[in-house]
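Student: coords below, sequence missing:
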């Protein structure tokens, strides 16, 4: 039986954490012994970790403190592979493996085009130079979209084709079941005004400010509502914006929800307003729920997922007018639901797991 470990900082409600849970669920069906290593066992998605997975809580808080505890884990348990997610975690994984000197195969998974990141944090400045140094030491580097893979090769000076592309596991029967769950919310009753849904952390990356402004423009022309599911540091700022624009009664921000799929399946359209992404899981999830989608043409992922606009509206980043017009257009002429669900199946659990296990078989 294969023994595979995953490493991620914690179980916050982000896309990378959901991807890890999805991979774990599907790998269990392939008779794989699984560990999930966390720098800190915290976050709302902890409850969704499959019971058969052994959770290793390093209890170090920040990932930078995980080098020695991760090294000790690798020496003690000697997994066949360690699959690490997110740039700063990947750097720590390489350093820990070098110290441990075990034969564990190291797979680094990159979720974002870091050249497109606008973050000014100290970590955003320090991590890319470290990536250049340590990524070539990993056995495999994976990008979650073709654009992420190409960006990594360019930014890190890796050989063309050295980064493999494996699309994230997004769609399975469980998602479809959750999408069909009842939703007790008066916004979604019959003959209510149309509802736009967005999902993501309330951070600068997601650019919900542009979405709110675009909705305000649309709201002057048509009765509609906007619901943003997620939590984050910009909550007060975004709520203030809805008040200033006079649309506070038509915008709801209920925070993190356990089942966003039931909202997606009942919404009139889903909107992704991000400034950058890797492979935006929520866009695929919305399509799997049969929900028409609008997305910024940000680096990277949306253009690949929507095949340059075949499956949904693509608009320039930060463009209030263009986003507002696309939202109005989708209400008037939505894409066929069956077309959306068929495209979403391209990002299924079994395809992703097959590709990861195939890497380890070589």
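Tutor: On my side now, so go ahead. Just so you know, these numbers come straight off a predicted model, no measurement behind them.

Student: low-confidence ranges in the stretch 1-150 of the chain?
Tutor: For the stretch 1-150 of the chain, the stretches with pLDDT under 70 are 114-125.

Student: Show me where it has its helices.
Tutor: 15-28, 67-77, 87-100, 122-134, 146-156 (DSSP state H, counting those that start in this stretch).

Student: These into TSV, with extra columns for mean neighbour count?
Tutor: To be clear about C-beta, it is placed using only N, CA and C from the backbone, and glycine gets the same treatment. TSV is the format used below for the helices of the stretch 1-150 of the chain (neighbours: other C-beta atoms under 10 Å):
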stretch	mean neighbour count
helix 15-28	22
helix 67-77	18
helix 87-100	22
helix 122-134	14
helix 146-156	20
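
Student: What's the local residue count around the closest residue to residue 1 other than its chain neighbours?
Tutor: Spatially, and ignoring its direct neighbours in sequence, residue 1 is nearest to residue 33 (5.2 Å; C-beta to C-beta, 6 or more residues apart in numbering). Look at residue 33: counted by other C-beta atoms under 10 Å, it has 17 neighbours.

Student: Please tell me I have it right and residue 85 contacts residue 111.
Tutor: Yes. Using C-beta atoms under 8 Å, residue 85 is in contact with residue 111, at 6.7 Å.

Student: who does residue 54 bridge with?
Tutor: Beta-bridge pairing for residue 54 (DSSP bridges): residue 35.

Student: Spell out which residues are contacts of both of residue 85 and residue 111.
Tutor: Common contacts of residue 85 and residue 111 (C-beta atoms under 8 Å, 6 or more residues apart in numbering): 16, 19.

Student: Can you pull the domain assignment for this protein?
Tutor: Domain segmentation of the chain under automatic domain parsing yields 3-166, 173-346.

Student: closest to residue 356 out of those?
Tutor: With C-beta to C-beta as the measure, domain 3-166 is the member of the domains of the chain nearest residue 356 (6.3 Å).

Student: returning to what we had before: would you mind giving the domains of the chain as a markdown table with distance to residue 358 added?
Tutor: Listed next are the domains of the chain as a markdown table, based on distance: least, C-beta to C-beta, whole Å:
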| stretch | distance to residue 358 |
| --- | --- |
| domain 3-166 | 9 |
| domain 173-346 | 17 |
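
Student: closest to residue 361 out of the ones you listed?
Tutor: That would be, of the domains of the chain and by C-beta to C-beta, domain 3-166, which comes in at 10.7 Å.

Student: got the residue ranges for the helices in the stretch 201-350 of the chain?
Tutor: Under the criterion DSSP H, counting those that start in this stretch, the stretch 201-350 of the chain contains helices at 208-219, 235-244, 260-266, 281-288, 302-305, 320-332, 337-344, 349-361.

Student: ends of stretch 82-93, how far apart?
Tutor: 8 Å (C-alpha to C-alpha, to the nearest Å).

Student: do the same with stretch 183-192
Tutor: Terminal residues of stretch 183-192 are spaced 14 Å apart (C-alpha to C-alpha).

Student: ok, and what's touching it?
Tutor: With C-beta under 8 Å, 6+ apart, stretch 183-192 has contacts from 193, 195, 225, 227, 252, 262-263, 266-267.

Student: could you flag which of these are buried?
Tutor: 195, 225, 227, 252, 262-263, 266-267 (16 or more other C-beta atoms under 10 Å).

Student: Serialize these to JSON lines and add fields for pLDDT and distance to residue 300.
Tutor: As requested, these are exported to JSON lines (pLDDT from 0 to 100; distance: C-beta to C-beta, whole Å):
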{"residue": "195", "pLDDT": "98", "distance to residue 300": "28"}
{"residue": "225", "pLDDT": "98", "distance to residue 300": "30"}
{"residue": "227", "pLDDT": "98", "distance to residue 300": "26"}
{"residue": "252", "pLDDT": "98", "distance to residue 300": "30"}
{"residue": "262", "pLDDT": "97", "distance to residue 300": "29"}
{"residue": "263", "pLDDT": "98", "distance to residue 300": "26"}
{"residue": "266", "pLDDT": "96", "distance to residue 300": "29"}
{"residue": "267", "pLDDT": "97", "distance to residue 300": "25"}
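
Student: so what's the closest residue to residue 322 other than its chain neighbours bridging to?
Tutor: In space, and not counting its chain neighbours, residue 322 is closest to residue 315: 4.3 Å by C-beta to C-beta, 6+ apart. When bridges are called by DSSP bridges, residue 315 pairs up with residue 296.

Student: circling back to that earlier point, any idea which of the buried ones among the contacts of stretch 183-192 is closest to residue 3?
Tutor: Looking across the buried ones among the contacts of stretch 183-192 and measuring by C-beta to C-beta, the closest to residue 3 is residue 262, at 36.0 Å.

Student: Now do the same contact list for that closest one.
Tutor: 178-183 are the contacts of residue 262 under C-beta under 8 Å, 6+ apart.

Student: Please report how far it lies from residue 236.
Tutor: Going from residue 262 to residue 236 by C-beta to C-beta, to the nearest Å gives 27 Å.

Student: Brilliant, that's me finished.
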